[in-house]
Structures are given as C-alpha cells and as structure tokens.
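Enquirer: got a structure for you, letters missing:
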C-alpha cells in the first residue's frame, strides 16, 4: 500500500513538472511570436520587384520605352507605394523621400499626417500602366495608370468604412541621381470595384491533406505527384469525395513560380481523375499583414486564381485559414480589411469561383459572415456542443451552405503518450461526425500522422508537437487506425 502511494505521488509530481515545463515552453513560444511580429513592424522597406503591368504606347514616344525602362520605372512605382504603406504604419515619413519628390512628396507626407490623425489607411494592390510621354533625354516620364486601391479605417472609430476602387490618373516621374522618383500624380477618375457572389451548392465528405513525410512548409518544395496519386487513392478508399489542400504565398511569388504553378495544375488534374473535389486554401502560414506586403498578396492571387478557376475539380476557394487567430497581433480592422481586399481581387480574377474563409471557430463564423458564397469554420471545441454550434451558424448563414472544413482528434494521450488511445480517437471522431451530420460538409484533419512536426508552424511546445503528430487516420507507416473505419463508414451528410 505504501509503495503504491509512493508511486502515485511520483507520477503526480512528474505530471506537475511536465505541466509546468509545457507552460514554460508555451510562454517562450508566445514571446518568440511577439518578437517576430515586432521585427516585422520595424523592418525597413522590403526589396521590391516590379509589380506594374505595362501596355504598349498608343502613339510613338520621343524616346523608345524599353524593357529595361519598364523594369526600372515599374520598380520605382512599386516601391513608392510600399514606402507609403510603411509610413502609414510607422509614422516615419523619411522613407517617402527615396521614391517621391516635389508635389508628390508634399501630398504623400500630408496623407500620412491625415492617416495618423484619423485612422485612415490606403493600400495600392496593383498597377496597370501605359506610357504617354518620355523625354528624349530620358529625364521625364509620364504614364496613364489604373490602380486597384483599398481604403479602410483603423483604431477607435465609429466609421468602419471600407472600399476598394479603380483609381485612374497620370503619373509624372523624374529621373534623378538616385533613380526615378514620382514627381506628381493627377487622379482623374475613381470607380468602385463591383463584384458579384458565385453561389455553391453541394455536399462533401473530405479530408485535409499533406503527405506524411512532407507536411506544411515542406510540401511544395518537395512536391511529388506519384506520392500524391497514391494518397488520393487512399482517400477514395476511405470513401472521401473531397480534399482540402494548402498554398503558401511565398511559393508562388518567387521568380521561378512557373514550376509551382505547373505542380498545382497537375495536382488539380489528378484530383479530377481520381474523382475528388478540391478546396484550395490560400495564404497558408501567412506571417504578417503589413500594408507593404498587400501588393505581393494580390500578385499571388493573380498567379494562382486563373489556374484554380480553370480546374473543374475545384469546388470553392478558402481565401485564408483561421484569420481570426490573427486579430490579437495584427488588429481586427486590418485583418478584416485585408480579407475584403483579397476577396475582391479574387472575384475580379475569377468571377465564377465561390469563395470562403475558414474561421477557427463557430463563434467567429457567426460574428464575421461577411459576403462569402460558402460559410466554413473549424470545430475543435467540446463535442457536446458541436451540433448546437452548427445550428447557430446555419441560422445566421441563411441560404449559404455551411461546411465544417476542419475537425480532428489526436490519439496522443498524457504521460509521454502511453498508453496510446487509438480507440478513444475513433470514438471521439464518430461522436463529432454524428453531431455535425446536418452540415453541408465536413473535412477531417488529417489523413496521416506526421513523423516530424515543424516547430516553426505549431510552436516549440513538446506537447503541442506530439498532439499535432497524431491526428491522422492512418499511421506514418501506412497502417490504418480505427478512426479510418469510422470515417469510411460515416453516412455523411445526413438529410
């Protein structure tokens, strides 16, 4: 009896020590994340690529407009608006002097003062230009420019104004000792960007997918179509009809993005061949919402949306995974304005593509229905309330379909993972699937266990990494867990 009490006390003490250690790891991770975001906020102007598309001049210019000129002037226009975005966030107007001069510099500085005083923000998402004048000596250049511009309010304001417009005007640039600078801008027209919804109807029984050996950031750099084909066969054997995949912005804004775009196209074609519908989720692992990066975000959409729109396998597009988790660090107004901007850009590029955002909880889905074609959220909250949460979202969603794009249960348990609890995992999955049977679709996280879990994605806490490693319905060696049979036999959705 005494020995048993000693053992019990030792186990309790060990559990307490591990609990405190996990807390320390978690706190350290929070400090790391906070520091990373502060670093983002204080970063200098990021190196800019040309984000301006050019049309040919309608009349001959005094000086030929070469591809080199297009690159240099396009880079200057791109950097000018990046500097303007940085100044709005930092309040430091010195960054404007590198790319603005004369009247344009005065007006840019005044706009920053107004932004800081009243909370207004303006972000140029894209620029499309046509040369109209180029001085013979190469010192003065003018272009007609059409810009897609987002404007919104931040801070404690009663006016939650948000708008996205086409701004048309004339830019004049001077070629000075430190390169091209914007000397003046005459805005000649402003028109609202008008988009229409693209309704989606259907049901789905799906799985969130990464290959077992290459989850998260390893997926696109090590893309292997043969592995994906074998895994898609496994999905079909599980009676899944849909798969949710994840696209990282950085993969598709690099100079060598064509390879990634070809891989994406091949993957979508393979899904169609295997009889799987696809829910691509964009901006996976997005680290910040700095205004200076919104142009690159729009470029990402310009590159991937046409491919997604052309693929019959795509059911709808999830613009952002769990953006409500970013409110604390980046500000609710900024994140919501970013979402609205990316939705508007996406709809302009693919008018017939249904769009959604995968909120992290049913509560966020209820609070931020916005203007989506499909309402989606994730359900990891206690199983007992899953059905009620779904009913509340459906009530507010009206005619829009509701799909729960992430549910999942880990088989990892306390005391260093022993004993394993695959049966408990299967029972919990069955209960949650049953509770959500009235949804238009459910997608399980995830197909596989992951032998390695990137701490840069889920944090450095050993507990979190072990939990994340064991959400699969199939073990890393290919052995099915009981959860696989639960999913396979689920009659879902039930009407």
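Expert: Great, that's in hand. Quantities reported herein were computed from a predicted structural model and do not represent experimental measurements. Numbering: from 1, shown residues only.
Enquirer: which residue is nearest the middle of this protein?
Expert: The centroid of the chain falls nearest to residue 283 when counting by C-alpha atoms, centre = their mean (2.5 Å).
Enquirer: ok, and the closest non-adjacent residue to that one?
Expert: Once flanking residues are discounted, residue 283 sits nearest to residue 320: 5.1 Å by C-beta to C-beta, 6 or more residues apart in numbering. Quick note: C-beta positions are derived from backbone N, CA and C, even for glycine.
Enquirer: ditto for residue 412
Expert: Counting by C-beta to C-beta, 6+ apart, the nearest residue to residue 412 once its immediate chain neighbours are dropped is residue 470, at 4.2 Å.
Enquirer: and that neighbour, how many residues sit next to it?
Expert: Residue 470: 22 surrounding residues under other C-beta atoms under 10 Å.
Enquirer: Residue 190 versus that one, what's the distance?
Expert: Taking C-beta to C-beta, to the nearest Å as the measure, residue 470 falls 54 Å from residue 190.
Enquirer: same deal with residue 226?
Expert: Separation of residue 226 from residue 190 (C-beta to C-beta) stands at 51 Å.
Enquirer: got it, and residue 196?
Expert: Using C-beta to C-beta, residue 196 is found at 20 Å from residue 190.
Enquirer: Comparing these two, which shows the higher neighbour count?
Expert: Between residue 196 and residue 190, residue 190 has the larger neighbour count (other C-beta under 10 Å), namely 13 against 8.
Enquirer: Ramachandran coordinates for the more buried one?
Expert: Residue 190 adopts backbone torsions of phi -140, psi 130, taken as degrees, to the nearest 10.
Enquirer: same question, the one 4 residues further on
Expert: The main-chain torsion angles of residue 194 are listed as degrees, to the nearest 10 and equal phi -110, psi 120.
Enquirer: Any idea how many residues pack against it?
Expert: Using other C-beta under 10 Å, residue 194 is surrounded by 10 other residues.
Enquirer: same check, this time on residue 254
Expert: Neighbours of residue 254 (other C-beta under 10 Å): 12.
Enquirer: Do I have it right that residue 318 meets residue 283?
Expert: No: using C-beta atoms under 8 Å, residue 318 is not in contact with residue 283; the gap is 9.3 Å.
Enquirer: Between its first and last residues, how far does stretch 83-99 reach?
Expert: End-to-end distance for stretch 83-99, by C-alpha to C-alpha, to the nearest Å: 8 Å.
Enquirer: actually stretch 110-130, not the one I wrote
Expert: Using C-alpha to C-alpha, one end of stretch 110-130 lies 27 Å from the other.
Enquirer: Likewise for stretch 154-166?
Expert: Start-to-end span of stretch 154-166 (C-alpha to C-alpha) is 22 Å.
Enquirer: Show me the shaky parts of the stretch 351-495 of the chain.
Expert: Applying pLDDT under 70 to the stretch 351-495 of the chain picks out residues 414-420, 492-495.
Enquirer: for the stretch 151-300 of the chain, same thing?
Expert: The stretch 151-300 of the chain contains residues with pLDDT under 70 at 156-160.
Enquirer: Give me the neighbour count for residue 103.
Expert: Using other C-beta under 10 Å, residue 103 has 14 neighbouring residues.
Enquirer: Which element, helix or strand, includes it?
Expert: Counting by DSSP states H and E, the element that carries residue 103 is helix 102-118.
Enquirer: Just give me how far that helix sits from the chain centre.
Expert: Distance, stretch centre to chain centre, for helix 102-118: 31 Å (C-alpha atoms, centre = their mean, to the nearest Å).
Enquirer: Show me what counts as buried in that helix.
Expert: Residues 104-105, 108-109, 111-112, 115-116 are the ones in helix 102-118 that count as buried (16 or more other C-beta atoms under 10 Å).
Enquirer: For that helix, name the packing helices and strands.
Expert: When contacts are defined as 3 or more C-beta pairs under 8 Å, 6 or more residues apart in numbering; DSSP states H and E, helix 102-118 sits against helix 67-90, strand 120-134, strand 179-192.
Enquirer: Relative to residue 208, which of the ones you listed is closest?
Expert: Residue 208 sits nearest to strand 120-134 of all those, at 29.2 Å, using C-beta to C-beta.
Enquirer: Quick one: mean pLDDT over the closest one.
Expert: Across strand 120-134, pLDDT averages out at 96.
Enquirer: For that strand, which strands pair with it and how are they oriented?
Expert: Strand partners for strand 120-134, identified by DSSP bridges, are recorded as strand 52-54 (parallel), strand 140-153 (antiparallel).
Enquirer: I'd like the ones you listed as JSON lines, with mean neighbour count and distance to residue 72 appended.
Expert: Output for these, formatted as JSON lines (neighbours: other C-beta atoms under 10 Å; distance: least, C-beta to C-beta, whole Å):
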{"stretch": "strand 52-54", "mean neighbour count": "18", "distance to residue 72": "11"}
{"stretch": "strand 140-153", "mean neighbour count": "20", "distance to residue 72": "10"}
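Enquirer: Of those, which is nearest residue 178?
Expert: Of all the strands paired with strand 120-134, the one in closest proximity to residue 178, counting by C-beta to C-beta, is strand 140-153 (15.5 Å).
Enquirer: That closest one vs helix 102-118, what angle?
Expert: For strand 140-153 against helix 102-118, the angle between stretch directions is 10 degrees (axes from the mean of the first three to the mean of the last three C-alpha atoms, to 10 degrees).
Enquirer: Sort out which residues of the helix or strand just after strand 140-153 are buried, please.
Expert: Following strand 140-153 in sequence order, the next helix or strand is strand 162-176 (DSSP H and E). Neighbour counts over strand 162-176 (16+ other C-beta under 10 Å) mark 162, 164-169, 171-175 as buried.
Enquirer: For strand 162-176, enumerate the helices and strands it packs against.
Expert: Counting contacts by 3+ C-beta pairs under 8 Å, 6+ apart, strand 162-176 packs against helix 67-90, strand 120-134, strand 140-153, strand 179-192, helix 332-349.
Enquirer: change it to 7 Å
Expert: Secondary-structure packing of strand 162-176 (3 or more C-beta pairs under 7 Å, 6 or more residues apart in numbering; DSSP states H and E): helix 67-90, strand 140-153, strand 179-192, helix 332-349.
Enquirer: For that strand, which outside residues touch it?
Expert: Strand 162-176 is contacted by residues 73, 76-77, 101, 138-152, 180-193, 337, 340-341, 344 when judged by C-beta atoms under 7 Å, 6 or more residues apart in numbering.
Enquirer: for the stretch 151-300 of the chain, what spans make up the helices?
Expert: 225-237, 249-253, 257-274, 294-310 (DSSP state H, counting those that start in this stretch).
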